[in-house]
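Q: For reference, the sequence and a predicted model appear below.
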Amino acid sequence: MGAVPPGRAGADGRDNVVGDPRQETFSEPQGAGTTSSTIGRRDFLRYTGMGAVMLGGASALAACSSSSSSAPSTSSPAAAAGKPKMGGTLHAGLTGGTGSDTVDAHRGVDNVDFARIIALYDPLIGYDLNAQNKLRLAESITPNSKATVWTVRLRPGVTFHNGKPLTAEDVIYSLTRIVKNNYGGASSLASVDIKNLKALDSRTVEIPCHTPYATLPDAMTGYYYYMGIVPVGYDPTHPVGTGPFKFQSFTPGQQSTFARNDHYWDTGDGPYVDTLVITDYPDETSQVNAFVSGQADVVNLLSATSIPQVQANGNILTADGGGMTPFTMRVDKPPFNDPKVRQAFRLICNRPQMKELVFGGRGTLGNDIFSPFDPSIDHSIPQRTQDIAQAKSLLKSAGQEGLTVQLVTADIAQGTLKVAQVFAQQAASAGVTVNLRQVTSTEFYGNNYLKWVFAQDYWYYSKYLPQVAQATLPNSPFNETHWDDPAYNKLYNQAVATVDETARTAIAHEMQAIDHSIGGYIIPYFPPTIDGYAKKVNGVVPTKAGLSLGSYNFKAMWLA
């Protein structure tokens, strides 16, 4: 997921990680619980697009006040088609909804939930189309010199759908609600001293932390779809937010309807349509049929095979996002407890061939390090290429010639089944037999999730250190590779407590070198997001953040 997926978590407390957003309870700086995280990965990740990118570190934020980075977006992708028009009804046909769908700002689970949440609510911090920091309801976010206290200044003149002005008390209420109920965004607030949040005035919130937490804004932005600000006394059965659309009706697993917020604070780019209707479709076939028949104006998360049919009736939007569908190797179980075997399996991959066969060349080449758009990524690390001779040599040295393994795969994301088949074919050339075990998505994210020895997964885009917190620490909630490297853990502790961005980046580079050399992930590529939209729909643009339809930016869309 998350991307992870969204940060939800439980931890065993083994490491006492500084700034670690994954503790079990919340009497101290702790994150979400095991039950919450299990629900998230089982039900959420199968369907979600890959998305969210996070704000830069303390030094960057200190300069973020009323600068251009914090201003509402004024770019209008629809301009090329003429001046945006007001009015009409936009029908969004999305896959991934269930009978457990919600409109609660903090309890989203599946892909359609997040589309609704983005329409109804705003976070303090978000991201722009280039996956760079973008302040939203916050006008500025600044740390003290040690990043133990953060100060949030809210934009003036923002009102909720019911006319109530946005205040500091609403922010305190929202963050406290997330933590006390162990909702998905709780892990982002793990080191926050939630009991001592303070309103300095009606527009200023002081956020104290139990430890130095230089990456707090990164974590909050990464899981922004869990961080919507709601008014004090919020009732999720009658949802009120500050977002571009107001709630009208909702039937879980079927359809939801929203009306334009005529008093939306961010007037730079919509909202334009009078009504937004989001309809849940059970699968891609019914979704594409709805598009072809005109019942749906925009559709999400298509496979490459749907492109010709959709393109014949409209337009295709392809975005090269930073989410990932990695192969996961448990480093605590044979044969992957030997780093030589892990290295060999990475060398087996013909990455360009995988990308070509699965996505027709679309997407971004991977190098076994996640978070490709994070400025802290060390691009000087050599790109790994296929080397069958070296793979064979490593396997022989490890005593694993003629190795046979089982790869657990499921239709959890675009391309996962096909790339599993491609990997099995490539492995044969190194004398490795890969037996595919295809399971349902429900089984994949069921009781054996995080126990598979060799499998795949699906993660949202996240910046590097927040992704580490979710996936590659001993008490990470989704440590699917069972990675536990003392040197790596120590570097992470140092990094999240380091305010200076240059110094923090240097530490991250050391961690990435470990990821690349002996880690438990194979990341051959970062898959594209493919969506469709009708010819009458304008204002649809791609985003590097990876969520479908420009991160479900319905407010910028208008009908010709």
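A: That came in fine, so what should we check first?
Q: Is residue 389 located within a strand, as I assumed?
A: No. Under DSSP: H, G, I helix; E, B strand; the rest coil, residue 389 falls outside any strand and is assigned helix.
Q: helices and strands around the helix or strand hosting residue 291, which ones?
A: Assigned by DSSP states H and E, residue 291 belongs to helix 284-293. Applying 3 or more CB pairs under 8 Å, 6 or more residues apart in numbering; DSSP states H and E, we find helix 284-293 packed against strand 89-95, strand 275-281, strand 298-299, helix 307-311. Glycine gets a C-beta too; all of them are placed from N, C-alpha and C.
Q: make it 6 Å
A: If contacts are counted by 3 or more CB pairs under 6 Å, 6 or more residues apart in numbering; DSSP states H and E, helix 284-293 sits against strand 89-95.
Q: contacts for the following helix or strand past the strand it packs on?
A: Downstream of strand 89-95, the first helix or strand assigned by DSSP H and E is helix 111-120. For helix 111-120, the surrounding residues in contact (CB atoms under 6 Å, 6 or more residues apart in numbering) are 47-48, 94, 96-97, 101-103, 108, 225, 239, 241, 243, 245, 256, 258, 278, 280, 552, 554.
Q: ditto for stretch 350-364
A: By CB under 6 Å, 6+ apart, stretch 350-364 touches 304, 318, 320, 365, 386, 415, 418-419, 422, 426, 524-528.
Q: And the residue nearest the centre of this protein?
A: The centroid of the chain falls nearest to residue 460 when counting by CA atoms, centre = their mean (3.0 Å).
Q: And it, how far from residue 545?
A: 9 Å (CB to CB, to the nearest Å).
Q: Which parts of the stretch 451-560 of the chain are helices?
A: Along the stretch 451-560 of the chain, counting by DSSP state H, counting those that start in this stretch, helices occupy 464-471, 486-496, 501-518, 548-552.
Q: how about the helices in the stretch 101-250 of the chain?
A: Using DSSP H, counting those that start in this stretch, helices in the stretch 101-250 of the chain cover 111-120, 168-180, 216-222.
Q: low-confidence ranges in this structure?
A: Applying pLDDT under 70 to the chain flags the ranges 1-81.
Q: Dump the helices of the stretch 451-560 of the chain to a markdown table, plus mean neighbour count.
A: Putting these into a markdown table (neighbours: other CB atoms under 10 Å) gives the following:
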| stretch | mean neighbour count |
| --- | --- |
| helix 464-471 | 29 |
| helix 486-496 | 18 |
| helix 501-518 | 18 |
| helix 548-552 | 28 |
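Q: Nearest to residue 131 among those helices would be which one?
A: Nearest to residue 131, of all the helices of the stretch 451-560 of the chain, is helix 548-552, at 9.7 Å by CB to CB.
Q: just checking, what packs against the closest one?
A: strand 528-533.
Q: so how far is the strand it packs on off the chain centroid?
A: 17 Å (CA atoms, centre = their mean, to the nearest Å).
Q: Now do it: everything it contacts.
A: Contacts of strand 528-533 (CB under 6 Å, 6+ apart): 49, 291, 298-300, 302, 310, 314-321, 359, 362-363, 540, 546, 548-549.
Q: could you redo the last one with a cut-off of 7 Å?
A: If you take CB atoms under 7 Å, 6 or more residues apart in numbering as the criterion, strand 528-533 is touched by 49-50, 291, 297-302, 304, 307, 310, 314-321, 359, 362-363, 540, 546, 548-549.
Q: what pairs with that strand, and is each one parallel or antiparallel?
A: strand 298-299 (antiparallel), strand 315-320 (antiparallel) (DSSP bridges).
Q: if I look at residue 285, how far off is residue 480?
A: Here the criterion is CB to CB. By it, residue 285 lies 30 Å from residue 480.
Q: which one of those two has more residues nearby?
A: The neighbour comparison of residue 285 against residue 480 (other CB atoms under 10 Å) goes to residue 480, with 23 against 11.
Q: measure the more buried one to residue 553 for me?
A: Residue 480 is 31 Å from residue 553, by CB to CB.
Q: who touches the spatially closest residue to residue 224 that is not a sequence neighbour in this structure?
A: Using CB to CB, 6 or more residues apart in numbering and skipping the chain neighbours, the partner closest in space to residue 224 is residue 123 (4.1 Å). Neighbouring residues of residue 123 by CB under 7 Å, 6+ apart: 136-137, 224, 227-229.
Q: Phi first, then psi, for residue 406.
A: phi -110, psi 130 (degrees, to the nearest 10).
Q: and it, what are its bridge partners?
A: Under the criterion used (DSSP bridges), residue 406 bridges to residue 435.
Q: picking that back up, please pick the buried ones from the contacts of strand 528-533.
A: Neighbour-count burial (16 or more other CB atoms under 10 Å) applied to these gives 49-50, 291, 297-302, 304, 307, 310, 314, 317-321, 359, 362-363, 540, 546, 548-549.
Q: hmm, back to that, what residues sit buried inside the helix holding residue 291?
A: For helix 284-293, by 16+ other CB under 10 Å, it's 284, 287-288, 290-292.
Q: Out of the contacts of stretch 350-364, which comes closest to residue 273?
A: Using CB to CB, these come closest to residue 273 at residue 318, 23.6 Å.
Q: Against residue 414, how distant is the closest one?
A: 11 Å.
Q: go on, residue 143?
A: Going from residue 143 to residue 414 by CB to CB gives 38 Å.
Q: ditto for residue 303
A: 6 Å.
Q: Could you check which of those two has the larger neighbour count?
A: Set side by side, residue 303 and residue 414 show more neighbours around residue 414, with 25 against 15, by other CB under 10 Å.
Q: OK, contacts around the more buried one?
A: 301, 303, 527.
Q: So what does it have for phi and psi?
A: Residue torsions, per degrees, to the nearest 10, at residue 414 are phi -60, psi 120.
Q: Report how many residues lie close to residue 144.
A: So residue 144, with other CB under 10 Å, has 16 neighbours.
Q: typo on my end, residue 474
A: Neighbours around residue 474, by other CB under 10 Å: 18.
Q: Surely it and residue 486 touch.
A: No. Residue 474 is beyond contact range of residue 486, at 9.3 Å (criterion: CB atoms under 7 Å).
Q: Pull out the buried positions in stretch 190-206.
A: For stretch 190-206, using 16+ other CB under 10 Å, the buried residues are 190-194, 197, 203-206.
Q: Also stretch 440-451?
A: Buried, per 16+ other CB under 10 Å, within stretch 440-451: 441, 444-445, 449-450.
Q: end to end, how far does that stretch reach?
A: 16 Å (CA to CA, to the nearest Å).
Q: try stretch 193-207
A: Length of stretch 193-207, first residue to last, CA to CA: 7 Å.
Q: Please apply the same query to stretch 118-135.
A: OK, stretch 118-135 end separation, CA to CA: 15 Å.
Q: tell me which residues in that stretch are buried?
A: For stretch 118-135, using 16+ other CB under 10 Å, the buried residues are 118-129, 131-135.
Q: Quick one: distance of it to the chain centre.
A: Worked out by CA atoms, centre = their mean, stretch 118-135 lies 12 Å from the chain centre.
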